[in-house]
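Colleague: Pasting a predicted model and its sequence here:
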Amino acid sequence: MLLTPDMLASIIQNARKYICYAGPGIQANPAIALAQMVQRLPRAQIAVLLDVSEHAIRLGYGAIDGVRILMKAGIEVQHAAGLRTALLVVDDQGYLLAPTPSNVKGEFASVKWNAIQLTPTQSRKAMARLSNDAKRIAVAQASTDEEREYLSGLAIDVVSRPVEILTLDQIHKNLLANPQNIVDISQTIQIVEIPFQYVELSFKGAQIGNKRIKIPAHIAQLGSESDLNERLTTLYDAIDTNEDISPQEVIDAIAKIREKYLRSLGEHFGAVIHLAHKADFVAAVDSLHGKLEQYQERVFQTLAKSLRESREQITELFTPAVLARPPKELLETLQSKAPPKHAAQDWLRRELDIVFPDARTLLESMQITVLFKGVLLDTCRDEKFRAAILNVYPDMSELDLFSG
């Protein structure tokens with residue numbers, strides 16, 4: 001079914017017992033209808049939750065005047081940040097809606113269905129999960145003691161707080177300084193059906209052997225011996241091993257895939273792939289993930305051992321300084337002003353664990369990612385782009401490449 005703002009207002013005007021409305025915003029007509037219902041219903045029987053944020057209002061999910069109308073009528077409006085679905089329950093008549101942002105040109109004209117009707121039981125369940133006010137109304141309207149007990153035990157899923165008039169004034173001020181724009185998505189996002197796509201193939205976290213840590217300041221400042229200060233710079237390297245832990249085999253495999261399937265259009269345009277080769281490219285990247293997992297398992301023990309040894313090296317180096325100048329944090333855990341060596345070392349290890357990376361986490365941060373993007377119509381009209389495409393696909397005619 002399709003529910004317009006005017007239809008919502010009409011439903012609200014028929015209320016006899018209670019009204020609950022939640023959504024990313026509210027337009028003027030439904031807000032006026034709600035405000036008028038204050039003359040008929042106790043304010044406690046009207047529950048309203050909105051995303052009263054500048055972002056939501058700029059998108060056109062609601063009008064700031066609508067919020068003012070509600071607050072002026074004495075209706076307490078709750079702010080629920082990021083709320084994007086809507087719920088309207090009037091007496092036992094409930095609807096779940098997908099609101100359309102009015103500032104996106106042409107969107108509402110293309111909408112044929114934006115709501116489904118709920119049963120009375122479903123409506124009360126939804127209200128009970130919405131807010132304390134909505135839950136109170138739902139529990140009071142329960143048809144049986146069993147339902148009343150069930151609704152009372154449901155957790156509230158939406159985090160909300162009362163809207164403050166100062167917040168509303170600041171949003172209004174910002175909108176006046178930088179007015180809302182109507183976004184025409186038919187003009188801004190025209191993807192052309194042509195036989196190639198942009199593609200980004202990246203390998204994150206590859207520089208694993210260069211991982212460096214910063215010794216916590218409250219530990220570093222304990223050392224004053226000259227030999228200690230001279231060695232501080234050598235201790236920032238968290239990984240120190242003679243064994244090869246470089247993922248060069250993975251890096252080389254990625255380079256071969258790029259060379260085989262991708263075509264670079266230069267720094268300005270990036271890389272593209274011909275759609276005829278996309279399936280093979282995806283399969284090759286899938287095999288890369290297997291190669292990366294094999295590498296991670298192969299070097300895990302070596303990496304973990306190197307990290308432990310680096311931590312112990314720093315622990316041994318700073319132990320004399322901790323014994324000579326025990327920090328307050330350590331003394332608070334002891335009954336003596338002279339901590340034993342093992343206590344000083346245990347404290348150092350705990351503090352260093354905070355800054356030292358875990359081997360498994362470090363390896364899992366290595367990720368191979370692929371991102372495909374369509375080519376915009378405006379880009380296809382760019383003469384430099386067309387020339388770059390023809391240069392990397394010399395065996396194809398301009399008609400074959402751009403006939404989509």
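Modeller: Looks like it arrived, so ask away. Keep in mind the model is a prediction, meaning the values are calculated, not measured.
Colleague: Run through the helices of the stretch 1-150 of the chain in chain order.
Modeller: Secondary structure of the stretch 1-150 of the chain by DSSP state H, counting those that start in this stretch: the helices cover 5-13, 28-37, 54-59, 64-72, 120-128, 132-140, 145-152.
Colleague: Hmm, I typed the wrong one, I wanted the stretch 301-404 of the chain.
Modeller: Remark: helices assigned in the stretch 301-404 of the chain by DSSP H, counting those that start in this stretch are 328-331, 341-355, 359-364, 377-380, 383-392, 398-402.
Colleague: Among these, which comes closest to K72?
Modeller: Closest approach to K72 among the helices of the stretch 301-404 of the chain is made by helix 377-380 (45.9 Å; C-beta to C-beta). To be clear about C-beta, it is placed using only N, CA and C from the backbone, and glycine gets the same treatment.
Colleague: how distant is the closest one from the center of its chain?
Modeller: From the chain centre to the centre of helix 377-380 is a distance of 30 Å (C-alpha atoms, centre = their mean, to the nearest Å).
Colleague: same question, stretch 57-70
Modeller: How far stretch 57-70 lies from its chain's middle: 25 Å, per C-alpha atoms, centre = their mean.
Colleague: Now it: buried residues?
Modeller: By 16 or more other C-beta atoms under 10 Å, the buried positions in stretch 57-70 come out as 57-64, 66-70.
Colleague: got the end-to-end distance for that stretch?
Modeller: 16 Å (C-alpha to C-alpha, to the nearest Å).
Colleague: same deal with stretch 73-91?
Modeller: Taking C-alpha to C-alpha as the measure, stretch 73-91 stretches 20 Å from start to finish.
Colleague: Show me what counts as buried in it.
Modeller: A73, I75, V77, Q78, H79, A80, L83, A86, L87, L88, V89, V90.
Colleague: same check, this time on stretch 261-271
Modeller: By neighbour count on 16+ other C-beta under 10 Å, the buried set for stretch 261-271 is Y261, L262, R263, L265, F269, A271.
Colleague: With adjacent residues omitted, what lies nearest to the second one?
Modeller: What that stands for is L262. A271 (4.4 Å; C-beta to C-beta, 6 or more residues apart in numbering).
Colleague: now swap in M366 and tell me
Modeller: Per C-beta to C-beta, 6+ apart, closest to M366 is G205, 3.9 Å.
Colleague: Just give me the neighbour total for the one you found.
Modeller: 14 (other C-beta atoms under 10 Å).
Colleague: Does it touch Q367 like I think?
Modeller: Yes. Contact criterion C-beta atoms under 8 Å: G205 and Q367 qualify, at 6.4 Å.
Colleague: taking the buried residues of stretch 73-91 one by one, which sit in strands?
Modeller: V77, Q78, H79, A86, L87, L88, V89, V90 (DSSP state E).
Colleague: hang on, isn't the fourth one packed against N114?
Modeller: No. With contacts counted by C-beta under 8 Å, A86 stays clear of N114, the gap being 9.1 Å.
Colleague: quick one: common contacting residues for those two?
Modeller: L97, A98, P99 (C-beta atoms under 8 Å, 6 or more residues apart in numbering).
Colleague: Kindly give a single PyMOL line that selects the buried subset of those.
Modeller: Selecting just the buried residues from these in PyMOL takes one command, with 16+ other C-beta under 10 Å as the test:
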select buried, resi 97+99
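Colleague: what about the stretch 101-250 of the chain, any weak spots by pLDDT?
Modeller: 103-110, 177-193, 206, 208-211, 223-244 (pLDDT under 70).
Colleague: What strands line up against the lengthiest strand in the chain, and which way round?
Modeller: Assignment by DSSP E gives strand 196-204 as the longest strand of the chain. Counting by DSSP bridges, the strands paired with strand 196-204 are strand 271-274 (antiparallel), strand 367-373 (antiparallel).
Colleague: so which of these comes closest to I215?
Modeller: That would be strand 367-373 among these, by C-beta to C-beta, at 28.2 Å.
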